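Participant: Got a predicted structure plus its sequence, pasted below:
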Amino acid sequence: MKYGLNIKSEAALDFLALGALNHRVDPGIVPFGKATEWRVHPSGGEYNVAANLANCFRLRTGIASAMVDYPIGDLIAERVRAMGIKAFYKHYEHNGVNGPNMATVYSDRGFGMRAPVVFYNRANEAACQLKPGDIDWVSIFADGVRWFHSGGIFAALSETTGEVIIDGMKAAKASGAIISFDLNYRAKLWNLWGGAGRAQSVLRRIVENVDVLVGNEEDMQLGLGFHGPEITATSKLNPSTFVSMISQVVEKFPNIKVVATTLREVHSTNRHTWGAVAWIDGKTYLSPTCELDVYDRVGGGDGFASGFFYGLLAGEPEQEAVNLGWAHGALLTTFPGDTTMATLEQVKAFAKGGSARIQR
């Protein structure tokens, strides 16, 4: 046993994600109110991690999700295949008028002192209709899964999606998979059907099943109801507030063996200082810090999670696992879109102190 986790050495899938698939539309630095052209990036917090682990880190990954059989669904499903992910879908038919739909996330990139703007159209979203019994967990786990992952955005979509996560986690635990969860607290989503109080009641039940938790001190305070220092009181690069809350988390949830998060100080939309920290089986590990010239910040946190998970799945030393997550998250912000365009060799080189000098 390493990291306090009993990670299988072999299974049909190294990693399985459960979450909503969507498409993010991106007008670049032009605000939506003035934009006449958009780029489309298939996305989803859980999908992003599965895609990164398959495409960059060369692991066998899968995703369980909802899929609508219409052109937008076809676009997203094609990208899932292209990234090398095995899909387990609950299929829905579109009625030609109002859905069910694959959700749209609107996100411009901002520029300089002008911050990015994010808003949603999740009306009649197929993923929010998923309920216990819609996914055949027995069949999915029959050949073995090493790691199962979901997140707080999917949990926030409806009164049934949290129950789907819990069902999946119970099946994962019975099969011997490691279970991770990214708190990813989004007030806009939870406020539609209960707010912070309902979020905490759902997320606490989920976290009771979790081995590896991803989330910062804000996620822990708002999503799980832990008390801590004023969220904005200290530098975003100072891990002390995060570390100080770990004792509360593991006292309440002794099943958790690993907690990790990114550290980001935003100087402008395109200039960030970047770091990461992880608590692994009683010890704290801090990444280096670097200055990022950011092209597109969306997906950086998922980039960290995927690199960190890869390090743990590969049995790397704890510090190396944190550095791999930090390096991959940093590289991901230099690409357009929500998922990786990095190679494993680039990630390993940057994790060891690589630079932007030309590669010949």
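Facilitator: Arrived safely, thanks for sending. Residues are numbered from 1 along each chain as shown.
Participant: Let me know the pLDDT of the closest residue to Val117 other than its chain neighbours.
Facilitator: Spatial nearest neighbour of Val117, excluding adjacent residues (CB to CB, 6 or more residues apart in numbering): Asp108 at 5.3 Å. Every residue, glycine included, has its C-beta placed from N, CA and C. Per-residue pLDDT puts Asp108 at 94.
Participant: May I ask you to confirm that Asp108 is in contact with Ile29?
Facilitator: Yes: at 7.0 Å, Asp108 and Ile29 qualify as touching, with contact defined as CB atoms under 8 Å.
Participant: Which one's more surrounded, those two?
Facilitator: Asp108 (23 against 15; other CB atoms under 10 Å).
Participant: Show the contacting residues for that one.
Facilitator: Residues near Asp108 by CB atoms under 8 Å, 6 or more residues apart in numbering: Asp26, Pro27, Gly28, Ile29, Val30, Pro31, Phe32, Ala35, Pro116, Val117.
Participant: 7 Å instead?
Facilitator: Asp26, Pro27, Ile29, Val30, Pro31, Phe32, Pro116, Val117 (CB atoms under 7 Å, 6 or more residues apart in numbering).
Participant: repeat for Leu312
Facilitator: By CB under 7 Å, 6+ apart, Leu312 lies in contact with Tyr3, Ile7, Ala321.
Participant: Can you list the low-confidence ranges for the stretch 151-300 of the chain?
Facilitator: Of all residues in the stretch 151-300 of the chain, those with pLDDT under 70 make up the ranges 229-235.
Participant: which stretches of it form helices?
Facilitator: Using DSSP state H, counting those that start in this stretch, the helices assigned to the stretch 151-300 of the chain run over residues 152-155, 161-175, 187-190, 195-207, 217-224, 240-252, 300-313.
Participant: what about those, which gets the closest to Lys352?
Facilitator: Of all those, helix 300-313 sits nearest to Lys352, with 12.9 Å by CB to CB.
Participant: Now do the buried residues in the next helix or strand after the closest one.
Facilitator: Once helix 300-313 ends, the next helix or strand along the chain (criterion: DSSP states H and E) is helix 318-332. Across helix 318-332, burial judged by 16 or more other CB atoms under 10 Å covers 318-332.
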